[in-house]
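Q: Just the structure for this:
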Amino acid sequence: MGCEISWFGPLCDEDHEFLGVPDPSLLSSWEHTRGIVLRADEAGFDNLLLPSNYLPGIDSIAFAAGVAPLLRRLQLLVAVRMAEMWPPQLARQLATLDEMLRGRLTINIISSDRPGEELESAPRYRRTLEIMRVLRDLLDGKPVDVNGEFVRLTLDPPRIRPVGGCPPFYFGGLSEAARDVAAQAADVFLMWPDTMPAVEAVIADMRSRATRYGRELRFGYRVHVVVRDSEQEARAAARRLVSRLDPETGRRLRNLSLHPTSVGQLRQGELRDLADDEGYVEPNLWTGIGRARSGAGAAIVGDPDQVLAKLRSYADIGMEAFILSGYPHSAECDLFARHVLPHLEHGPLLPRTGAPAA
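A: Alright, predicted model coming up:
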């Protein structure tokens, strides 16, 4: 199994010892998140997701620029929200960041509203597709001449550009509009946790859609992990994580998403409804974590062999990249790096030809 194994940088107040219980020592800050990123770099992870959320979050691009010179080998998967910035300026920032990372930038494309604005789903995804195409051209060093619904622009590319071409676009979403955008313009299609049959069905559907556009997609999986020496210890750690969660607090946290009624968010709720009394929807996939957060709402829970086997089962059906996290992020990073990472064949999913070595 050769996959890209990534960790998570909690830029958006997403670090806890007990879900739903604020801990001032774990709030997002430059110092706290930098420590987690450096730990993941030292532990040997391939990539690290820096998320983006306007209300609680540190800016992902600014943070990435600050931490880039401190890294030895780690890629950064930097989340950028389409339409928050004029595409030529965003392209120039991303190209600069890629130079600072010596060709190790990857980009997580987020289709979202601008802060303070709301746009219906269909036009929002049309806007996202237009911007993705403009970004790719500019980052590939191509001029753009676009007279679109949302972007009207005739412009040469900036001088600074990624040596190996446009960094890979990672993108996810389960709605029809999201799937169509991914099939046309993404490099890696990301999924949140789901049952094995559902994951397999989405992969098959997305491969078919991409083929219709004459393209190929790679696939990634965003999931939490709870790994301990034994399954009993792992399950106990999972229970402890939600042991102080107030139901109303959980509901509020789940609704922090900018799009709480999206297809993906609703599916995470369905998984919780399908789970057994302990929250397991299938062996070693625990949905309890979604009681207190938006987005990816399940965790792989088990001993090292079980976690390894679960990841390999996803790889067998087509997953090539895993974006992992756990609580607290620093401690779970260490546990995964010690118990599981050494037993995985892994490396960057889409290294760019011509990019300088780390």
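Q: avg pLDDT for the host helix or strand of residue 31?
A: Per DSSP states H and E: residue 31 is located in helix 30-43. Average pLDDT, helix 30-43: 97.
Q: which strands and helices sit next to it?
A: Packing partners of helix 30-43 (3 or more CB pairs under 8 Å, 6 or more residues apart in numbering; DSSP states H and E): strand 2-8, strand 47-50, helix 60-67, helix 329-339. In short, each C-beta sits where N, CA and C put it, glycine included.
Q: Is it possible to get JSON lines of these that adds distance to residue 108?
A: Below are the helices and strands packed on helix 30-43 laid out as JSON lines (distance: least, CB to CB, whole Å):
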{"stretch": "strand 2-8", "distance to residue 108": "10"}
{"stretch": "strand 47-50", "distance to residue 108": "6"}
{"stretch": "helix 60-67", "distance to residue 108": "8"}
{"stretch": "helix 329-339", "distance to residue 108": "17"}
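Q: Mean neighbour count and mean pLDDT added to those, as JSON lines?
A: Below are these laid out as JSON lines (neighbours: other CB atoms under 10 Å; pLDDT from 0 to 100):
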{"stretch": "strand 2-8", "mean neighbour count": "23", "mean pLDDT": "96"}
{"stretch": "strand 47-50", "mean neighbour count": "25", "mean pLDDT": "98"}
{"stretch": "helix 60-67", "mean neighbour count": "20", "mean pLDDT": "98"}
{"stretch": "helix 329-339", "mean neighbour count": "19", "mean pLDDT": "98"}
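Q: Please give the number of neighbouring residues around residue 242.
A: 18 (other CB atoms under 10 Å).
Q: need the contact list for it.
A: Residue 242 makes contact with 18-20, 288-289, 291-292, according to CB atoms under 8 Å, 6 or more residues apart in numbering.
Q: swap in residue 15?
A: 23, 26-28, 32, 36, 327-329.
Q: give me the element residue 312 is part of.
A: Element membership for residue 312, per DSSP H and E: helix 304-316.
Q: Report pLDDT for the nearest residue to residue 132 once chain neighbours are set aside.
A: The shortest distance from residue 132 to any residue other than its chain neighbours is 4.4 Å, reached at residue 185 (CB to CB, 6 or more residues apart in numbering). We have a pLDDT of 98 for residue 185.
Q: backbone phi and psi for residue 81, please?
A: Backbone torsions of residue 81, given as degrees, to the nearest 10, read phi -100, psi 120.
Q: Tell me if I'm right that it and residue 52 touch.
A: Yes. If you go by CB atoms under 8 Å, residue 81 and residue 52 touch, sitting 5.5 Å apart.
Q: Counting neighbours, what do you get for residue 273?
A: A count of nearby residues for residue 273, using other CB under 10 Å, gives 8.
Q: what packs against the strand or helix carrying it?
A: Using DSSP H and E, residue 273 maps to helix 263-274. When contacts are defined as 3+ CB pairs under 8 Å, 6+ apart, helix 263-274 packs onto strand 280-282.
Q: buried subset of the contacts of residue 15?
A: Listed as buried from those are 26, 28, 32, 36, 327-329; burial here means 16 or more other CB atoms under 10 Å.
Q: ok, the residues you listed vs residue 9, which is closest?
A: Residue 9 has its nearest neighbour among these in residue 36, at 5.8 Å by CB to CB.
Q: Does that closest one touch residue 334 like I think?
A: No. With contact defined as CB under 8 Å, residue 36 does not reach residue 334; the gap is 10.2 Å.
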